[in-house]
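J.: Next one to model:
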Amino acid sequence: MAAEGADCTFVLGFADLREKIGPAAVGECLEDEALQENGDTTQPTTNGQLVFRASDGRAVFTNGSDTWIDGPDGVEKRPNGERFAWEPDAQRGPRSAATPFPLPPALPGSVVPARRIVAYYGNQLSSRMGILGEATPPQMLARLKEQARAYAVADPKTPVQPALELVAIVAQEGAGRDGLYRLKMDDEIIEEVAQWAESNNFLLILDVQPGRNSFAPEVQSLMPFLKRPYVHLALDPEFAMGPNELPGEEIGSVDAAAINRTIQTLAELVTAENLPPKLLLVHRFTERMVTNYRQIRPDPRVQVAIVMDGFGTPEAKISKYDALVGDQRVQYAGFKLFYRQDQPVMTPRQVLELDPAPHVVIYQ
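T.: Got it, this is the predicted structure:
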């Protein structure tokens, strides 16, 4: 939830950290956040300064003598001048290449890593939700094909698989009749996008924003579509709200246990319907959005990709990708770009220079 001062506002990440530390300790904002030359984003308060560090993608607060950091296990406090073992050392220069991550052998019919997915995200009913709904279907599909070709040129060794990521269950500002703050698209709406995908040999990825519901019943409601071999699934924890949280005001989260239940559901579907392995995307742009990530247990029948989902400068996006995907590998890697909000939009070549190179690239 955004916290406001007289003439300024704490944005989501800073507002979240302030609540965790305690508003009295952080104080009120003095002015809005500002991007610094080194890539950090800073915001002064009456008691110190909030910083989003480009070096590791973490939000911190310092009062001049102590520093609070939103770390791997929650907010931790240390004296200024000291450093936690998991923090980057500014004297050592940029982050080194990640340790090679062993990926299991992919089953026949798997999408990744043999192909790189390039997807367009959104909903055809809204131009504000992403590129999928911003133009006519022929224009959007042609642009996606062109964007996919750019990745084939940048990496000729890896075939590109275009995909459409449809937000099929959309978080809502209003509670709705059942009080769950989400709206499932009618089957006709989903079917329309499914036909776009099928007729163009694209994949369809159904994105779930569950509001105050859990993911499990929402995934079950999509089973008729998930039975199709070209249809896959994405979880969006940003909109997985607690009982007193509202979509758009707080950032939600999902625990490994819920992700594992989804993996099991998809794995059982693959076996029951004799399908090729399913892809499960999990969107993420803060530590809290995915809790206990080390306990996520991929199944050979389900390929799990964590997708770094924040917008901003290339420096900020890269540092978050390093922290939330590169340093916290689960299985496969994803990266999301925003045509309107990124400053500027990274080129395919820049995206493929990430470590690891993303298996899934999404444009919103």
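J.: How far away from the center of its chain is the host helix or strand of I362?
T.: If you go by DSSP states H and E, I362 is part of strand 360-363. Strand 360-363 has its C-alpha centroid displaced from the chain centroid by 10 Å (Cα atoms, centre = their mean, to the nearest Å).
J.: Which secondary structure elements does it sit against?
T.: On a contact count with 3 or more Cβ pairs under 8 Å, 6 or more residues apart in numbering; DSSP states H and E, strand 360-363 meets strand 116-122, strand 302-308, strand 332-337. All C-beta spots, glycine's among them, are computed from the backbone N, C-alpha and C.
J.: State the distance from G109 to N274.
T.: 10 Å (Cβ to Cβ, to the nearest Å).
J.: Repeat that for K320.
T.: Here K320 is placed at a distance of 39 Å from N274 (Cβ to Cβ).
J.: Neighbour count: these two, which is higher?
T.: K320 (24 against 7; other Cβ atoms under 10 Å).
J.: Need phi/psi at the more buried one.
T.: In terms of degrees, to the nearest 10, the main-chain angles of K320 are phi -70, psi -40.
J.: Also Q295?
T.: The main-chain torsion angles of Q295 are listed as degrees, to the nearest 10 and equal phi -90, psi 0.
J.: For this protein, which element, helix or strand, carries the lowest mean pLDDT?
T.: In the chain, no helix or strand scores lower on mean pLDDT, DSSP states H and E than strand 3-4, which sits at a mean of 48.
J.: partners of K336 in the sheet?
T.: Beta bridges link K336 to I362 when assigned by DSSP bridges.
J.: mind checking how far it is from L180?
T.: Counting by Cβ to Cβ, the gap between K336 and L180 amounts to 25 Å.
J.: More neighbours: these two, which one.
T.: When K336 is set against L180 and neighbours are counted by other Cβ under 10 Å, the residue ahead is K336, at 26 against 20.
J.: where does the more buried one land on pLDDT?
T.: K336 carries a pLDDT score of 97 in this model.
J.: can you check Y293 too?
T.: Note on Y293: pLDDT of 90.
J.: what ranges do the strands span in the stretch 51-200 of the chain?
T.: Assigned by DSSP state E, counting those that start in this stretch, the stretch 51-200 of the chain shows strands spanning 58-62, 66-71, 74-79, 116-122, 160-171, 182-184.
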